[in-house]
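>>> Sequence first, then the predicted structure:
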Protein chains: 2
Amino acid sequence: MTAPSEPARNEDGIATTVAILRQRLGERLQSGRSIREQHGHTTTWLPNQMPDAVAFPDSADEVADIVRACADHRVPVIAFGTGTSLEGQVNAPSGGISIDLSRMNRVLDVHAADLDCTVQPGVTRKQLNDHLRDTGLFFPIDPGADASLGGMAATRASGTNAVRYGTMKDNVLALEAVMADGTRIRTGTRARKSSAGYDLTRLFVGSEGTLGIITELTLKLQGIPEAMSSARCSFPSVGAACDAVIAAIQSSLPMARIELLDALQVRAVNAYSKLALPETPLLLLEFHGTEASVAEQAALFGEIAAEAGGTGFEWTTRPEDRTRLWQARHDAYWAALQLRPGARGISTDVCVPISRLADCVTAARARIDALGLIAPMVGHVGDGNFHVLPLIDMDNPAEIAKAEDFVGWLNELALSMGGTCTGEHGIGQGKRPYLRAELGPAVGVMARIKAALDPDGILNPGKIFT
Amino acid sequence: MTAPSEPARNEDGIATTVAILRQRLGERLQSGRSIREQHGHTTTWLPNQMPDAVAFPDSADEVADIVRACADHRVPVIAFGTGTSLEGQVNAPSGGISIDLSRMNRVLDVHAADLDCTVQPGVTRKQLNDHLRDTGLFFPIDPGADASLGGMAATRASGTNAVRYGTMKDNVLALEAVMADGTRIRTGTRARKSSAGYDLTRLFVGSEGTLGIITELTLKLQGIPEAMSSARCSFPSVGAACDAVIAAIQSSLPMARIELLDALQVRAVNAYSKLALPETPLLLLEFHGTEASVAEQAALFGEIAAEAGGTGFEWTTRPEDRTRLWQARHDAYWAALQLRPGARGISTDVCVPISRLADCVTAARARIDALGLIAPMVGHVGDGNFHVLPLIDMDNPAEIAKAEDFVGWLNELALSMGGTCTGEHGIGQGKRPYLRAELGPAVGVMARIKAALDPDGILNPGKIFT
């Protein structure tokens, strides 16, 4: 897949800016090929497009300095967290400077009574949760990868427990950012809610580095639940599993996680994790609450699942059993890759109203099979969000073309069902055509905001907009 | 209080536009004085600033027509829901056309399986909940007044159960709006989550009619809980009450409402509602869940409250007892007014991190007493948000000046505590100076977005920005 053509490289500006930044940052400005390649896109089929240099700032002031130097010479600036985004968000199609925020990795403040904390953008979610270990609090958003919190905010990440705790948009109270001209802003306070002016926090969350560089985040935290229970249940069809989920949501069952694995994914998990789960659609659940309430929740779900045709319902609050159950889910990606060793997994996601999820997943399975692709599916089914992972031989152009065809078809299907072209991966480079198909003239409004805040288009060019 | 000076009226443009709209809309364009006055600000001490005419469109197409006519002649357009905003949001400081959306009051769709619905902006929250009565679903946001859902979105309203269900920003999935040039956009789909481009939904929620006119909303719904319990508990001090709230939140107790009434407000409620509550700070709570879980939640809160020094803890699931308890809270405003018959209640709100709430409320009480004002307080204490209601003799300029002084002081105090100048009332005209104090250069970013989307400044001029 070739990325659409991008503005030509500004060779003179880039050379000048690299020289200036090298002078200022010394060893913290790197331009070796391998480090540059590592800061281009590495996760899927999009071509790697390297920046010209990678800067490693230590502070927001330094970020502002770097952005100003780039602004002076109209050189692209691409923010980089851990490089785990999935739609080419960190590529540098016109070259420029990658700002790697990994050195800005301090937890600045934890306010336990207020259930909030303030962190630098390079702190990863695991690092934050390690830091919180003794406070009785945790940060719930878990997109799978140990991504940086700045990157998770920039792509509006979510993951397995969004059904209970929301996505990054719901968990960032405020942020600081460096704008395209190097000015610094703070978008909010530590108050839990506010109606003071435009919601710039939410505007920055999901803006993929195209409006400013996030240099600090104030995040909501949660109390670690007194008890957690996990459950699993197999279903004769994806439709039956979705019926159970819908019934559970309608009865206000406060599920913390509810994950669907399709039959192929269960087969992969069985092989990889040495399990013997029935190779039919599987739901994995987690409940958070008091001892009594998680028991009650699990029991209620068991009744709902049975009515929908579920079998083999099991639940447990024993940590080792919970871990075993969820380890299989956490390893789903690696398990899937083992279905076809040597192939690359091309993760794509869509999100539809939950009433359409069964139809969407079922149609996707039929299309995958008709195209002769191998592609397991997992779903954050409480949100109607699911991932398909075509396993592709990257040396086979015909196969890549089939996978591209499938992704295009799947996006159109999701839109026709009232859904979105991405629940949590973002637009980046890969989903740009579908954004226009999804939102039409609203994309023009986004472009006007982008032009107003970054008139020279230096911030992460070639992303979101075609 | 005089509003800051505003751009001069565009007399010719207004006359031409009124004539054009009268031609098009006939009786649905009104310019009688009383209807115009009713569409200016009526709720507090800000002067009423009438529009020149009030249009009553029947459709989004008509809204677009009206906006285009205004754009052609650079005439202000002010969206109007039910007129219950509290900071002058519907005033017309430079005249212009008020668009009253009350005729656009249809519930367009309810998708029970997806827990969402689509409504026109003039539907009020009670009307929606009446419509939903037989579905087992409800829309949770309750700002007190029976406001229109379009207006609630425009001011980012919340209310008593935001602690559990969030604010309007959390409950609008997508919306349609007419932009300043009359183009129509849709900001999202019915998917529960999305990372497709900038979050225009959240940008419009809270934009107070300054970026576009909301013509349709897709809202999240909730399943009506199987059981609800209510509880009350008195405390020796605001500090003790806040300690109980913090402990309850830290232990993840899923409270649906937790409301603080200060001692003066309790005295008012006792008199008005013929109750005999101890005239000390009072917490009122509500829990939603299963029969077993609401009982467990109430019991847990009882233990937490006792540890914090609470007394007289009582809880009930009997609907008539719950109603009696909450009726007192619902009547708090009317009860307060009876503390000083003939006075006007000037509601103001701030929101601080919950660890500072007790200090903030206590300092506010001291300041109120020192100024010789009468002003009860109520708080959505789970969010750190509280309201002060100075009861003012509007014929006494010295007293008005004292109240203004108090409001300014309270906002500065909230900001100094890491809070916001408004938790749920919005900026409108009244809070403009504090917005700048709160967010500084970020207000410049808001202004650039405003200028990009409404270059002639016709949408609700004189609001949010000074």
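Arrived safely, thanks for sending.

>>> show me what contacts A:F139?
By C-beta atoms under 8 Å, 6 or more residues apart in numbering or on different chains, the residues touching A:F139 are A:117, A:125, A:128-129, A:132, A:149, A:171, A:219, A:221-222. Quick note: C-beta positions are derived from backbone N, CA and C, even for glycine.

>>> Just the terminal-to-terminal distance for stretch A:270-281.
13 Å (C-alpha to C-alpha, to the nearest Å).

>>> Contacts for it, please.
By C-beta under 8 Å, 6+ apart, the residues outside stretch A:270-281 that reach it are A:232, A:234-238, A:240-241, A:260-263, A:266-267, A:269, A:311-312, A:327-328, A:331, A:334-335, A:338-339.

>>> If we use 6 Å, what do you get?
A:234-235, A:238, A:241, A:262-263, A:266-267, A:328, A:331, A:335, A:338 (C-beta atoms under 6 Å, 6 or more residues apart in numbering or on different chains).

>>> any idea which of the contacts of A:F139 is closest to chain B?
Comparing the contacts of A:F139 against chain B with C-beta to the nearest C-beta places A:Q222 closest, at 6.9 Å.

>>> can you put the contacts of A:F139 in CSV and add pLDDT?
As requested, the contacts of A:F139 are arranged in CSV below (pLDDT from 0 to 100):
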residue, pLDDT
A:C117, 98
A:R125, 97
A:L128, 98
A:N129, 98
A:L132, 98
A:L149, 98
A:N171, 98
A:L219, 98
A:L221, 97
A:Q222, 95
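
>>> Show me the beta-bridge partners of A:L284.
Per DSSP bridges, the residues bridged to A:L284 are A:R232, A:E259.

>>> neighbours around it, how many?
22 (other C-beta atoms under 10 Å in any protein chain shown).

>>> which ones among the contacts of stretch A:270-281 are found in strands?
Applying DSSP state E to the contacts of stretch A:270-281, the entries found in strands are A:S234.

>>> Any stretches of chain A with poor pLDDT?
Across chain A, the ranges flagged by pLDDT under 70 are A:1-6.

>>> how about a cut-off of 80?
Applying pLDDT under 80 to chain A flags residues A:1-7, A:42-44.

>>> Domain boundaries for it, per the record?
A:11-102, A:107-223, A:227-334, A:336-434 (automatic domain parsing).

>>> mind checking which of those domains is nearest B:E404?
domain A:107-223 (19.0 Å; C-beta to C-beta).

>>> how long is that closest one from one end to the other?
Start to finish, the residues bounding domain A:107-223 are 18 Å apart (C-alpha to C-alpha).

>>> Those residues of the stretch 251-400 of chain A touching chain B, which are they?
Proximity of the stretch 251-400 of chain A to chain B (C-beta under 6 Å from any C-beta of the partner chain) is limited to residues A:251-252, A:292-293, A:296, A:351, A:353-355, A:383-384.

>>> on contacts alone, who are the packing partners of the helix or strand containing A:V54?
Element membership of A:V54 [criterion: DSSP states H and E] is strand A:53-55. With contacts defined as 3 or more C-beta pairs under 6 Å, 6 or more residues apart in numbering or on different chains; DSSP states H and E, strand A:53-55 has these neighbours: helix A:11-25, strand A:29-30, strand A:97-100.

>>> which residues are in contact with that strand?
Contacts for strand A:53-55 (C-beta under 6 Å, 6+ apart): A:18, A:21, A:25, A:29-31, A:35, A:39, A:66, A:97-100.

>>> Over to stretch A:116-135?
A:101-102, A:104-110, A:112, A:138-139, A:146, A:148-150, A:173, A:190, A:214, A:217-221.

>>> Same question for stretch A:151-171.
A:81, A:85, A:140-144, A:172, A:202, A:205-206, A:208-209, A:214, A:217, A:219-220, A:255-259, A:382-383, A:424, A:426, B:193, B:195.

>>> what about it, distance to the chain center?
Between the centre of stretch A:151-171 and the centre of its chain there are 8 Å (C-alpha atoms, centre = their mean, to the nearest Å).

>>> related to what we said a few turns ago, only whichever of the residues of the stretch 251-400 of chain A next to chain B are buried, select them in ChimeraX.
Selecting only the buried entries of those in ChimeraX, with 16 or more other C-beta atoms under 10 Å in any protein chain shown as the criterion:
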select /A:251,252,293,296,351,353,354,355,383,384
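
>>> Turn the residues of the stretch 251-400 of chain A next to chain B into CSV, columns for secondary structure.
Output for these, formatted as CSV (DSSP: H, G, I helix; E, B strand; the rest coil):
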residue, secondary structure
A:S251, coil
A:S252, coil
A:A292, helix
A:S293, helix
A:E296, helix
A:C351, strand
A:P353, coil
A:I354, helix
A:S355, helix
A:D383, coil
A:G384, coil
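
>>> for the residues of the stretch 251-400 of chain A next to chain B, which one is nearest A:E438?
A:C351 (10.9 Å).

>>> so A:G81 sits right up against A:L149, yeah?
No - with contacts counted by C-beta atoms under 6 Å, A:G81 stays clear of A:L149, the gap being 8.0 Å.

>>> neighbour count winner among the two?
A:L149 (31 against 28).

>>> What count of nearby residues applies to the closest residue to A:G239 other than its chain neighbours?
Residue nearest to A:G239 in three dimensions, not counting chain neighbours: A:A358, with 4.0 Å by C-beta to C-beta, 6 or more residues apart in numbering or on different chains. Residues near A:A358, counting by other C-beta under 10 Å, number 22.

>>> Assign a three-state SS to A:A358, would you?
Assignment for A:A358 (three-state DSSP): helix.

>>> my guess is it meets A:C242, correct?
Yes - between A:A358 and A:C242 there is a contact under C-beta under 6 Å: 4.0 Å.

>>> Okay, and which of the contacts of stretch A:270-281 map to helices?
A:238, A:241, A:263, A:266-267, A:328, A:335 (DSSP state H).

>>> Out of those residues, the closest to B:M228 would be?
The closest of those, once distances to B:M228 are taken by C-beta to C-beta, is A:A241, at 30.4 Å.

>>> Would you check that the closest one makes contact with A:S234?
No - with contacts defined as C-beta under 6 Å, A:A241 does not count as touching A:S234, sitting 8.5 Å away.

>>> More neighbours: these two, which one.
A:A241 (30 against 23).

>>> Not including adjacent chain positions, what is the nearest residue to that one?
A:A241 sits nearest to A:F235 (C-beta to C-beta, 6+ apart), 4.0 Å away.

>>> how close does the one you found get to A:A244?
If you measure A:F235 against A:A244 using C-beta to C-beta, to the nearest Å, the figure is 7 Å.

>>> shared neighbours of these two, anything?
A:G310.

>>> so which of the domains of chain A comes closest to B:K402?
Counting by C-beta to C-beta, and looking across all of these, nearest comes domain A:107-223 at 24.5 Å.

>>> can you give me how far the closest one is from the chain middle?
13 Å.

>>> backbone phi and psi for the spatially most central residue of chain A, please?
With distances taken as C-alpha atoms, centre = their mean, A:A157 lies nearest the centre of chain A, 3.6 Å away. Main-chain torsions, A:A157, degrees, to the nearest 10: phi -70, psi 160.
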